[in-house]
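Enquirer: Below: sequence and its predicted model.
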Amino acid sequence: MNIDELCQTATAMVQKGKGILAADESTGTIKKRFDSIGAESTPDSRRDWREMLFRSGPAMSQSISGVILFDETLRQSAVDGTPLVELIRNTGAIPGIKVDMGAQDMANFAGEKITAGLDGLRHRMKEYYDLGARFAKWRAVIEIDAERPSMACVAANCHALARYAAICQEASIVPIVEPEVLMDGGHDLDRCYEVTEGTLKHLYMELFTQGVMLEGTVLKPNMIISGKKCNTRAGVEEVAEATVKCLKSSVPASVPGVAFLSGGQSDLEATAHLSAMNAGGALPWNLTFSYGRALQAAPLAAWCGKSENHDATQAAFNHRAKMNGLATLGKWNEGMEG
Ligand code: 13P
C-alpha cells in the first residue's frame, strides 16, 4: 500500500471546482439508457458514446476530476487506437473502475439486496491497477419502506463495503464507498435522514474495524431527500441543510471528500442541491458530484445514437459539467442554465 499515493489520488478526486463522471453503467444498464433514445447497444456504440464524452475538451479539462469506468471500457481503445484510459489521463482526469458485481437478493430478507463481488477481488485489483485505474467504486443498495431496511441488510452491506475498501487500499487504489439509500418510494425527508444516518454510522464503524485509512477514501452517498412518490417533497434549502447536518453527525473529518450520486434527481435538482450545500459555509470535507444520470441525460438526449449529433452531444455534456463544477463552489444559479 502506498499511503502518499492514496491520499494524493483521493484529494485530487474531490478537488474544488471539479467532480466525477460516473460512466460505469453495466452492459444491462447502458442498454436501457440506449433503448430510451432508440440507439443499439454494442461494444462499438458503447465505445463511441463514451469516447465522445471523454473527448469533450472543456468538460474534461475544467470540470471532471475522475471517470468511473465499467470493466469493458477500461480495456477499450478509441477509434484511432488510443486506449480510452490514456484519453482520460491526457485531459488531466483520473481513470477509475467499478468493481462490484451488482446487488443480489439477500437470503432471509425478502426484497433486500446485498452487493456481490468480494470473491477474487484481491486478484482483480492488481490487474486494474496495471490497466491504469487509480480508484474504484462499490455500490450498496438500501431500500426504504415501512419495514425496511433491516439491520441485517445495513450490517451486511457495510461490512462488504469495508472489506472492499481494505482490498482497494492494499493495491494503492482509492475506494469510493457508496451506500446508496434509494429515493424510490413515498417516504419523507425525515425518514431518509434516519436511514442514511444509521447506515453511515454503521459504515464508519466497519471501516474502522477493517483498518481502512479514511484519508485515502471518498464517500459517495445519497443526499437527504424526499422519496420520489412523497406528497410533500422538501425544497432545495431543506435538502441542503438536512444533508449537511446528517454528514456532520456521521462522517469523520479525516475523509477528504464526499461525492454525491444523483440517484434519479433531475439534472437541475442535482446541481441546485449541491450548490446550496457549498454556498452554506465552511465544511470539514469538500462536497462534489459523482453523477451518472444527472451528467449524461442531456448529452444522451442530444445524441440519439446519431453521429451527426456529435457536436450537440459534446455541447450538452460541457454545459452540465460546467454547471456542476460551479455547484462545487456554491456559485451556480438557475439563470446560468440559459
Ligand atoms: P447516478 O448519478 O445516476 O445515481 O449514478 C451514480 C452512480 O454511479 C451510481 O452507482
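Expert: Arrived safely.

Enquirer: which SSE is whichever residue of the stretch 51-200 of the chain sits closest to the ligand in?
Expert: Among all residues of the stretch 51-200 of the chain, residue 139 sits closest to the ligand, at 4.2 Å; criterion: Cβ to the nearest ligand atom. (Each C-beta comes from the backbone N, C-alpha and C, glycine too.) Element membership for residue 139, per DSSP states H and E: strand 135-142.

Enquirer: on that earlier part again, let me see the contact set for the residue of the stretch 51-200 of the chain closest to the ligand.
Expert: 98, 100, 103, 115, 178, 180, 220 (Cβ atoms under 8 Å, 6 or more residues apart in numbering).

Enquirer: run the last query once more with 6 Å
Expert: Taking Cβ atoms under 6 Å, 6 or more residues apart in numbering, we find residue 139 in contact with 100, 178, 180.

Enquirer: Buried subset of those, written for ChimeraX?
Expert: Selection of buried members from these for ChimeraX, criterion 16 or more other Cβ atoms under 10 Å:
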select :100,178,180
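
Enquirer: Sitting in strands, which of the contacts of residue 139 do you find?
Expert: Among those, the members found in strands (DSSP state E) are 178, 180.

Enquirer: The ligand next: which of the contacts of residue 139 are close?
Expert: The subset of the contacts of residue 139 lying close to the ligand, counting by Cβ under 6 Å from any ligand atom, consists of residue 178.

Enquirer: now the contacts of residue 139 in TSV, with distance to residue 237 and pLDDT?
Expert: Shown next, in TSV, are those (distance: Cβ to Cβ, whole Å; pLDDT from 0 to 100):
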residue	distance to residue 237	pLDDT
100	34	98
178	25	98
180	23	98
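
Enquirer: what would the contacts of residue 139 look like in TSV with distance to residue 338?
Expert: Converted to TSV, those look like this (distance: Cβ to Cβ, whole Å):
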residue	distance to residue 338
100	38
178	32
180	31
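
Enquirer: The stretch 51-200 of the chain against the ligand: which residues are in contact?
Expert: So the stretch 51-200 of the chain meets the ligand at 139, 178 (Cβ under 6 Å from any ligand atom).

Enquirer: give me that answer again for 5 Å
Expert: Within the stretch 51-200 of the chain, the positions near the ligand by Cβ under 5 Å from any ligand atom are residue 139.

Enquirer: tell me the helices in the stretch 51-200 of the chain, going along the chain?
Expert: For the stretch 51-200 of the chain, applying DSSP state H, counting those that start in this stretch gives helices covering 57-58, 71-74, 84-90, 121-131, 151-170, 189-209.

Enquirer: mind listing what residue 19 touches?
Expert: Neighbours of residue 19 in contact, by Cβ under 6 Å, 6+ apart: 288-289, 324, 328.

Enquirer: Equivalent analysis for residue 37, please.
Expert: 300, 304-305.

Enquirer: Count the residues that sit near residue 38.
Expert: Applying other Cβ atoms under 10 Å, we find 9 residues neighbouring residue 38.

Enquirer: Ok, the one 10 residues further on next?
Expert: By other Cβ under 10 Å, 17 other residues sit near residue 48.

Enquirer: Just the element for it, please.
Expert: Residue 48 belongs to helix 43-54, assigned by DSSP H and E.

Enquirer: tell me the average confidence for that helix?
Expert: If you average the pLDDT over helix 43-54, you get 98.

Enquirer: Low-confidence stretches in the chain?
Expert: Across the chain, nothing is flagged by pLDDT under 70.

Enquirer: Between the two ends of stretch 280-295, what distance do you get?
Expert: End-to-end distance for stretch 280-295: 23 Å, by Cα to Cα, to the nearest Å.
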